[in-house]
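Asker: Can you look at this prediction? I've put the sequence above it.
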Amino acid sequence: MDGLWDVARVAAYLGVTERTVYNKVRASELPAVKVGRLWRVRPSDLEDWLGRTQRRPEASGSTVPGPYPYPEVAGRTSIAAEEGAIPSRADLEAALAGVDEIVERRLRLVSLLAKGVVALGWSAPVVVGGFAVQYYTAGNYGTLDIDLVGASEPVAQVLESWGFVREERHWYDAELKFAVEVPGGQLEPSERERVFGIRIAGIDAYVLGIEDLIIDRLNACMHWNDTESCRWTKVMVVTAPELDLAYLEQRAEAAGVLERLREMLADRP
């Protein structure tokens, strides 16, 4: 093998979907380089990665989680809480030690928070809002807090055990520089099906799919005259390496924003 491979060729070689490859690249599991706005994989890196995993990802379960594995975002699960199963403040600090990059720090917090929430018998929360935009724009979008969809009770229990302080709708930790908000609500079934997992430091975090995030931001752009949402929606539309255009246009038509979406899509390379 020689040269740089595009995502389609990597997916065909592994026998998986292109979305699976993108998820692995975004999760920093599969080594890749950016050429312009596109991801490319060195064949030697791919072979080394396959040698480390000792299996093709989808043959016996991917090391990056697939679709959201819970029946609803804010619901209880059949998992019984176990004493000591909630990660401690010390676990959180250990996970963050030496990590300065803001997106990775926030993902590590979310993954440990999800682990604690699931241990309490609830479905894992899902990253939405500004932090989801920050994730999909590789940290270029600036946001002060982490917005999550999920049940607020178990999130509050975990954060309180870590020493976070609640002020109105937010939970703060001044030392670690985190602000977390769980505004409540639910994802639609179609949105939940497109939530994907990121495995970071061996623990799973979940993020709203980019197509649904685009529609959310486009709604704010069109209906709330939010110029920042307009700007960052276009950034995601133009730079996202992979989009399910049929699903995206279907959602946009239902929301009454299809014409504006198509204007943005016209600028995709």
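Answerer: Yep, it's here.
Asker: residue ranges for the strands of the protein, please.
Answerer: Taking DSSP state E as the criterion, the chain contains strands spanning 5-6, 33-35, 38-41, 126-128, 146-149, 165-167, 170-173, 178-181, 196-200, 203-207.
Asker: okay, the ones you listed, which one's buried deepest?
Answerer: strand 126-128 (a mean of 26; mean count of other C-beta atoms under 10 Å). Where C-beta positions appear, they are placed from N, C-alpha and C, glycine not excepted.
Asker: For that strand, which outside residues touch it?
Answerer: 68, 73, 110, 135, 146-150, 187, 195, 205-208, 213, 216 (C-beta atoms under 8 Å, 6 or more residues apart in numbering).
Asker: Could you export the strands of the chain to TSV, including columns for mean pLDDT and distance to residue 49?
Answerer: Below are those laid out as TSV (pLDDT from 0 to 100; distance: least, C-beta to C-beta, whole Å):
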stretch	mean pLDDT	distance to residue 49
strand 5-6	86	12
strand 33-35	83	14
strand 38-41	86	9
strand 126-128	96	25
strand 146-149	96	30
strand 165-167	96	42
strand 170-173	96	35
strand 178-181	97	32
strand 196-200	82	14
strand 203-207	90	19
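Asker: Mind checking those for the one nearest to residue 106?
Answerer: Among the strands of the chain, the nearest to residue 106 by C-beta to C-beta is strand 146-149 (5.6 Å).
Asker: Break the chain down into its domains, please.
Answerer: The record's domain parsing of the chain by automatic domain parsing lists 5-53, 89-208, 211-265.
Asker: Could you provide these in a markdown table, with additional columns for distance to residue 77?
Answerer: Putting those into a markdown table (distance: least, C-beta to C-beta, whole Å) gives the following:
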| stretch | distance to residue 77 |
| --- | --- |
| domain 5-53 | 23 |
| domain 89-208 | 6 |
| domain 211-265 | 23 |
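Asker: Confidence-wise, which of the ones you listed is weakest overall?
Answerer: Of all the domains of the chain, mean pLDDT reaches its minimum on domain 5-53 (a mean of 79).
Asker: And that domain, how far out from the chain middle?
Answerer: Averaging C-alpha positions (C-alpha atoms, centre = their mean, to the nearest Å) puts domain 5-53 18 Å from its chain's average.
Asker: Kindly report the same for stretch 233-251.
Answerer: On C-alpha atoms, centre = their mean, the centre of stretch 233-251 falls 16 Å from the chain's centre.
Asker: tell me the contacts of the nearest residue to residue 143 once chain neighbours are set aside?
Answerer: Using C-beta to C-beta, 6 or more residues apart in numbering and skipping the chain neighbours, the partner closest in space to residue 143 is residue 130 (3.2 Å). Residue 130 sits next to 141, 143, 144, 145, 147 when contact means C-beta under 8 Å, 6+ apart.
Asker: ok so, going back, make a markdown table from the strands of the chain and add distance to residue 157 to it.
Answerer: Formatted as a markdown table, the strands of the chain follow (distance: least, C-beta to C-beta, whole Å):
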| stretch | distance to residue 157 |
| --- | --- |
| strand 5-6 | 45 |
| strand 33-35 | 40 |
| strand 38-41 | 39 |
| strand 126-128 | 18 |
| strand 146-149 | 14 |
| strand 165-167 | 12 |
| strand 170-173 | 11 |
| strand 178-181 | 13 |
| strand 196-200 | 22 |
| strand 203-207 | 18 |
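Asker: so which of the ones you listed gets nearest residue 93?
Answerer: The nearest among the strands of the chain, by C-beta to C-beta, is strand 170-173 at 10.5 Å.
Asker: Between the strands of the chain, which one is closest to residue 259.
Answerer: strand 126-128 (24.9 Å).
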